[in-house]
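> this one's structure only:
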């Protein structure tokens, strides 16, 4: 009995610690600034959606959202296609001097280095290419980051699929690439999905490079736009809270939707 | 047998275009990575040996930028703050995550809800996590102040006080990343073999003995991997600090990434900042490779 009580209490405590901060964010976003600073209420006494309306009418949050969706979609899609091919080559072929394994290790090393390390040269590169403050500049950067871990994650998924199935397809007249496309790729679909989900999460949430590479609502992504807003309106708590909700909503919704795959992606490599 | 494998190998490698296939499949990915990650990495190395004025290189200074780092009080402070931040955050996350994973190992009602809810902190955009905590800590509109007042107390100062701001930053990181520790460790616990635990139960071993003699030693590799992953990640923390405190008050929460960013973009010392980042990159790589070697040793024993 006491064991059960302890379990219930711990569960409630953990839920409270995780959810209270989020409750406060949402609740603040529904108050007016007057209610926030002067009355200090614990829940919105006069709920209002004004803060949200303002974000879209005055603060260009529509553009931020569009930019985020476009940039995330293209950089993840390209990285997945390119990464799947690379991962397959590393998983299946034995090249001279074990080149394929060296490539794999090389990509993993790149993945370990904190992205901030190449921030300055990437900025200079995009500056010289005239790609600052553009979708293309962000897409190129994010694609490259995504490729490093897409290859690394998908390689292990391809390894799990027996070679015999491809061989059978090739005996039946398929080309090597045909066997990959028609047999292996569909079988690896759950793994590809887990990889894609993780890539979407990381890309949508990225802030550092968006901060350095974009400057106007033309290309600013959601996190970048949100941070800019905060810089300007130091004590406009209501707008800040609403921006937080809008900024987090798409990705939290997405994450809860694909929860099962997400856990697999997040713990991948650490636990088999 | 031998001819069999050779035939099989031949069939797999194919002929004609198929022989070039591995290279063709690797080429696009490698091209992108070489152009957008490796070239900048090399360019950064080059920039780190130069002095810049108004964004263009004016002189080669060799290793001077690197040497200068170690007499730069602000760099040393940022490094120290970062080490403190990483050590404290990751320790708390490991202990709490492990405790929570042990707790959730026994199936009970509500566990699915708990697991779902625990996903939220680590998927929320880090910038938004920082907003959430600014709304908690704010001295006028903050949740802590509101709670204190509701219980009859006064307002609280968090982000204006150096020590409190630092603790507040650690608390943010613990809130955000303990769930990841938890997920990795829970998966690890669930994959442990059952037999030793049943034997221990038959022998009448107490809960603590089971933990100290069985669970913990068997979990050491997974625990080590989780800690290494988090440590590497925590070293590069930027977004949360940028939005929560911008490094302040004073230099209390100025992590190395923030200092590097300011050096490059605020103070326009491109070469010096490049040297700083190359140094961080080397430190993290050294950390990672020694961790991998350590793990191999644990695996072997």
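Nice, thanks for sending it over. Since this is a predicted model, take the numbers as computed values, not measurements.
> kindly report the domain assignment for the chain.
Picking chain A for this. Domains of chain A are assigned by automatic domain parsing as A:2-48, A:57-267.
> that was the other one, I meant chain B.
B:19-64, B:67-300.
> okay, the ones you listed in JSON lines with distance to residue A:179 next?
For every residue, glycine as well, the C-beta is placed using N, CA and C. Output for those, formatted as JSON lines (distance: least, C-beta to C-beta, whole Å):
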{"stretch": "domain B:19-64", "distance to residue A:179": "11"}
{"stretch": "domain B:67-300", "distance to residue A:179": "33"}
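> give the contact list for residue A:54.
Applying C-beta atoms under 8 Å, 6 or more residues apart in numbering or on different chains, we find residue A:54 in contact with A:239, A:242.
> can you pull out the low-pLDDT segments for the chain?
By default, I'm working from chain A. Applying pLDDT under 70 to chain A flags residues A:1-2, A:40, A:231-235, A:263-272.
> wrong one, chain B
B:1-18, B:55, B:107-108, B:299-301.
> residue closest to the middle of it?
Residue closest to the mean C-alpha point of chain B, counted by C-alpha atoms, centre = their mean, is residue B:233 at 1.6 Å.
> interface residues of the stretch 151-300 of chain B facing chain A?
B:175, B:179-180, B:183-184, B:187-188, B:191, B:222, B:225-226, B:229, B:232, B:235-236, B:238-239, B:242-243, B:257, B:260-261, B:264-265, B:270, B:273-274, B:277-278, B:280-281, B:284-285, B:288 (C-beta under 8 Å from any C-beta of the partner chain).
> restricted to helices, list the residues you listed.
B:175, B:179-180, B:183-184, B:187-188, B:222, B:225-226, B:229, B:232, B:235, B:239, B:242-243, B:257, B:260-261, B:270, B:273-274, B:277-278, B:280-281, B:284-285, B:288 (DSSP state H).
> leaving out chain neighbours, which residue sits closest to the residue nearest to the centre of chain B?
residue B:177 (7.9 Å; C-beta to C-beta, 6 or more residues apart in numbering or on different chains).
> which strands and helices sit next to the host helix or strand of the one you found?
If you go by DSSP states H and E, residue B:177 is part of helix B:162-190. With contacts defined as 3 or more C-beta pairs under 8 Å, 6 or more residues apart in numbering or on different chains; DSSP states H and E, helix B:162-190 has these neighbours: helix A:2-29, helix A:259-267, helix B:73-104, helix B:111-123, helix B:126-137, helix B:216-235, helix B:239-244.
> in a markdown table, list these along with distance to residue B:67.
Formatted as a markdown table, those follow (distance: least, C-beta to C-beta, whole Å):
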| stretch | distance to residue B:67 |
| --- | --- |
| helix A:2-29 | 44 |
| helix A:259-267 | 41 |
| helix B:73-104 | 12 |
| helix B:111-123 | 39 |
| helix B:126-137 | 34 |
| helix B:216-235 | 23 |
| helix B:239-244 | 27 |
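> most tightly surrounded among those?
Mean neighbours per residue, mean count of other C-beta atoms under 10 Å in any protein chain shown, is largest over the helices and strands packed on helix B:162-190 for helix B:126-137, with a mean of 26.
> what angle do it and helix A:2-29 make?
Angle, helix B:126-137 to helix A:2-29, by axes from the mean of the first three to the mean of the last three C-alpha atoms, to 10 degrees: 100 degrees.
> who's in contact with helix B:126-137?
A:21-22, A:24-25, A:28, A:205, A:207, A:223, A:226-227, A:230, A:237, A:240-241, A:243-244, A:247-248, B:121, B:124, B:141-144, B:158-159, B:168, B:171-172, B:175-176, B:239-244.
> tell me the angle of it relative to helix B:162-190?
Relative orientation of helix B:126-137 and helix B:162-190, computed by the same axes, to 10 degrees: 120 degrees.
> next, the angle helix B:111-123 makes with helix B:126-137.
100 degrees.
> distance between helix B:126-137 and the chain's centre?
Mean C-alpha position of helix B:126-137 versus that of the full chain (C-alpha atoms, centre = their mean, to the nearest Å) differs by 19 Å.
> now stretch B:254-262
How far stretch B:254-262 lies from its chain's middle: 16 Å, per C-alpha atoms, centre = their mean.
> do stretch B:270-289 as well
15 Å.
> do stretch B:208-224 as well
With C-alpha atoms, centre = their mean, you get 23 Å for stretch B:208-224.
> kindly report the same for stretch B:88-101.
Here stretch B:88-101 is found 14 Å from its chain centre; the criterion is C-alpha atoms, centre = their mean.
> what comes into contact with that stretch?
Contacts for stretch B:88-101 (C-beta under 8 Å, 6+ apart): A:14, B:170, B:173-174, B:177-182, B:184-186, B:188-189, B:219, B:223, B:226-227, B:230-231, B:234.
> so how far is the first residue of stretch B:183-198 from its last?
This stretch, stretch B:183-198, spans 24 Å end to end (C-alpha to C-alpha, to the nearest Å).
> could you pull out the buried residues of that stretch?
Neighbour-count burial for stretch B:183-198 flags B:183-189 (criterion: 16 or more other C-beta atoms under 10 Å in any protein chain shown).
> likewise for stretch B:145-155?
Across stretch B:145-155, burial judged by 16+ other C-beta under 10 Å covers B:145-147.
> contacts for it?
Residues from elsewhere that reach stretch B:145-155 (C-beta under 8 Å, 6+ apart): A:40-42, B:138-140, B:156.
> any chance of the residues you listed in JSON lines, with secondary structure, distance to residue A:174 and neighbour count too?
Output for these, formatted as JSON lines (DSSP: H, G, I helix; E, B strand; the rest coil; distance: C-beta to C-beta, whole Å; neighbours: other C-beta atoms under 10 Å in any protein chain shown):
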{"residue": "A:40", "secondary structure": "coil", "distance to residue A:174": "69", "neighbour count": "17"}
{"residue": "A:41", "secondary structure": "coil", "distance to residue A:174": "67", "neighbour count": "15"}
{"residue": "A:42", "secondary structure": "coil", "distance to residue A:174": "65", "neighbour count": "14"}
{"residue": "B:138", "secondary structure": "coil", "distance to residue A:174": "63", "neighbour count": "23"}
{"residue": "B:139", "secondary structure": "coil", "distance to residue A:174": "68", "neighbour count": "13"}
{"residue": "B:140", "secondary structure": "coil", "distance to residue A:174": "68", "neighbour count": "13"}
{"residue": "B:156", "secondary structure": "coil", "distance to residue A:174": "68", "neighbour count": "17"}
